[in-house]
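Engineer: Got a sequence here, can you build the structure:
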Amino acid sequence: MSDVVNLEAKFATFTEHWAPRIVARYNDNDVRIVKVDGEFVWHSHPETDDFFLVLEGVLDIELRDRTVTLNPGELFVVPRGVEHRPVARHGEVKMIVIEPAGTPNTGDTATATQVEAL
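Structural biologist: Coordinates of the predicted model:
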């Protein structure tokens with residue numbers, strides 16, 4: 001991919017929540033954008049860390065021992081194997097997640113949302 005990616009334009013192409021879209025790839029990683037609202041499922045990624053960067057809104061990442069709150073411009077990395085649940089309690093959140101290409105968003109291919117490229 002050699003073109004500039006306009007995130008605002010990419011976000012405007014879909015309305016679904018919890019349905020990541022790939023906007024770039026680098027070093028075998030997917031750069032995904034996603035809109036979220038409400039609660040996601042408890043899950044973990046046994047093979048990789050999970051990177052969250054909030055662009056708009058407020059996201060809570062619930063861990064079994066604490067909750068991490070992310071505001072716009074803040075990021076958090078959930079270490080591999082740590083069970084977590086992202087929650088957007090106060091309306092829609094737009095964010096970037098970065099994961100190795102093909103990583104299922106629930107950590108399990110049987111329950112994962114299909115990820116498509118934009």
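Engineer: Can you name the helix or strand that the residue nearest in space to the middle of the chain falls in?
Structural biologist: Closest residue to the average C-alpha location of the chain: residue 97 at 3.9 Å, with C-alpha atoms, centre = their mean. Per DSSP states H and E: residue 97 is located in strand 84-100.
Engineer: and that strand, what other elements does it pack with?
Structural biologist: strand 29-39, strand 50-56, strand 59-63 (3 or more C-beta pairs under 8 Å, 6 or more residues apart in numbering; DSSP states H and E). Glycine gets a C-beta too; all of them are placed from N, C-alpha and C.
Engineer: Reformat these as a markdown table; add mean neighbour count, mean pLDDT and distance to residue 70.
Structural biologist: Shown next, in a markdown table, are these (neighbours: other C-beta atoms under 10 Å; pLDDT from 0 to 100; distance: least, C-beta to C-beta, whole Å):
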| stretch | mean neighbour count | mean pLDDT | distance to residue 70 |
| --- | --- | --- | --- |
| strand 29-39 | 19 | 96 | 11 |
| strand 50-56 | 19 | 97 | 4 |
| strand 59-63 | 18 | 98 | 5 |
